[in-house]
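K.L.:
Need coordinates for the following:
(one chain, ligands or ions: 1)
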Amino acid sequence: MQSETVSLLIELVKRESVTPDDKGCQALISKRLEKLGFVLESMPSGGVTNLWARLGSAAPLMVFAGHTDVVPTGNPNAWSSPPFAANIVDDHVIGRGAADMKGGVAAMVTAVERFVTSGAHQNGSLALLLTSDEEGPATHGTQAVVHQLQQRQEQIDYCLIGEPSSTEQLGDVIRHGRRGSLGASLVIQGVQGHVAYPHLADNPIHRALPFLHELTHIEWDQGNEHFPPTSLQISNVQAGTGATNVIPSDIRVEFNLRYSPETTIVHIKSTILQLCNQHTLKTTIDWNDSARPFITNPGTLTDALQHAISHETGIRATLNTAGGTSDGRFIAPTGAQVIEFGPINATIHQIDERVSCTDINTLSRIYESVLRQLLG
Ligand SMILES: [Zn+2]
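P.N.:
This next block holds a predicted model:
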């Protein structure tokens, strides 16, 4: 006999909601929340489906946040079970989005259902924030909803994002912040010419090499107790006309920094521009400030979650800030406590993505316990 959480997960995986298509996932959830008395607001923006569903108006406001979109399947024939069939094999639901993050979404919906129907909801209010654009550009998703909430001064106090944070076993890792991400597209100009007449040209590749060597050896900071040291990685380098006898006119270099709050974006930019000057480079540079770092210090929300996890699993969860960026970056600047906790992330974005049925049932109980502690 399948649990409510597993049944809902299967329903969600069967909807082929590749970013930014929601394919009815939020409508399905809306119907269930409406029965509980939630006030529903769809907040579509730029082709993205967003849902804000709230129960109650008192403070504090506790929000479960997540996304209904999934990344593409890759070659469907490479899957051991069709990626949108949601078959159960060895107590695991197999399907695109099962772990990232329809498992978390199903667990939060059933946790809310049990919490509300049991009459345990005594204090504050409760909301769900769902978007169909977390895996894509994310401009019209959570960011757009948060913008509307801020305009009408609707303040989120606690936010739990159901992203798959667990690593080895359910409950081992809670993310309580994320590093910042700063991208750069750099073009170094030279003068094109014949390789046999280098005095008439200026080789941008030769100029770039010592510069890039120094760039990759800058020590930005040491990190701190919550963040690893800032790191810079070059992802793309392009130069050359294809001909073997031509010095090219320019070289393009793309790099990205994942940075801790010990370093500022202003410091990073000025250090790199200074290095360009020291190497007397003619450059143009485009920055992509895609995520600022954030941290939620241990407190009410982390305590409630750690308590729930140890009660349900016996595990003492550790807090860390590893991984890529997440929608938490849009919610944290409002002053909310924001953390992420969900299923094991070992198969996310992979062929045969899967989540354990046992784990999402436990996850749902953990979410319910957090609600009881904060709003009971
Ligand atoms: Zn995700």
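
K.L.:
Please count neighbours and contacts with C-alpha atoms only from this point.
P.N.:
Noted.

K.L.:
Relative to Ala196, how far out is Gln189?
P.N.:
Gln189 is 20 Å from Ala196, where distance means CA to CA, to the nearest Å.

K.L.:
Between the two, tell me which one has more neighbours.
P.N.:
Gln189 (21 against 11; other CA atoms under 10 Å).

K.L.:
how much space between the residue lying closest to the more buried one once chain neighbours are set aside and Val112?
P.N.:
Of all residues not flanking Gln189 in the chain, Asp250 sits nearest, at 4.5 Å (CA to CA, 6 or more residues apart in numbering). Distance of Asp250 to Val112, given as CA to CA: 57 Å.

K.L.:
For the helix or strand encompassing Arg32, list the C-alpha coordinates in CSV.
P.N.:
Using DSSP states H and E, Arg32 sits in helix 25-35. The C-alpha trace of helix 25-35 is given here as CSV (Å, rounded to 0.1, in the frame of the first residue of the first chain):
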residue,chain,number,x,y,z
CYS,A,25,1.8,20.2,-11.1
GLN,A,26,0.9,23.4,-9.3
ALA,A,27,-2.8,23.0,-10.2
LEU,A,28,-2.8,19.5,-8.6
ILE,A,29,-1.2,20.9,-5.4
SER,A,30,-3.5,23.9,-5.4
LYS,A,31,-6.6,21.7,-5.3
ARG,A,32,-5.3,19.9,-2.3
LEU,A,33,-4.3,23.2,-0.5
GLU,A,34,-7.6,24.8,-1.3
LYS,A,35,-9.4,22.0,0.6
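
K.L.:
Note down every partner strand of the very next helix or strand once past that helix and its orientation.
P.N.:
Scanning forward in sequence from helix 25-35 by DSSP H and E, the next helix or strand is strand 39-42. Sheet pairing of strand 39-42 (DSSP bridges) gives strand 50-55 (antiparallel).

K.L.:
Please enumerate residues in contact with the strand it pairs with?
P.N.:
Strand 50-55 is contacted from outside by 26, 30, 33, 37-44, 125-132, 141-142, 145, using CA atoms under 8 Å, 6 or more residues apart in numbering.

K.L.:
Give me the distance between the two termini of stretch 164-180.
P.N.:
19 Å.

K.L.:
For stretch 351-367, what is the distance to the chain centroid?
P.N.:
In this view, stretch 351-367 has its centroid 19 Å away from the chain centroid, taken as CA atoms, centre = their mean, to the nearest Å.

K.L.:
buried residues in stretch 238-246?
P.N.:
Residues of stretch 238-246 classed as buried under the neighbour-count rule (16 or more other CA atoms under 10 Å) are 239-240, 246.

K.L.:
Please apply the same query to stretch 325-342.
P.N.:
325-332, 334, 336-342.

K.L.:
Now, those residues that are in strands?
P.N.:
Using DSSP state E, 337-340 are the members of the buried residues of stretch 325-342 that sit in strands.

K.L.:
Strands along the stretch 201-350 of the chain, start to end?
P.N.:
231-239, 246-247, 250-259, 282-291, 294-295, 318-320, 337-340 (DSSP state E, counting those that start in this stretch).

K.L.:
Single out the most deeply packed of those strands.
P.N.:
Most buried of these, by mean neighbour count (mean count of other CA atoms under 10 Å): strand 337-340, with a mean of 28.
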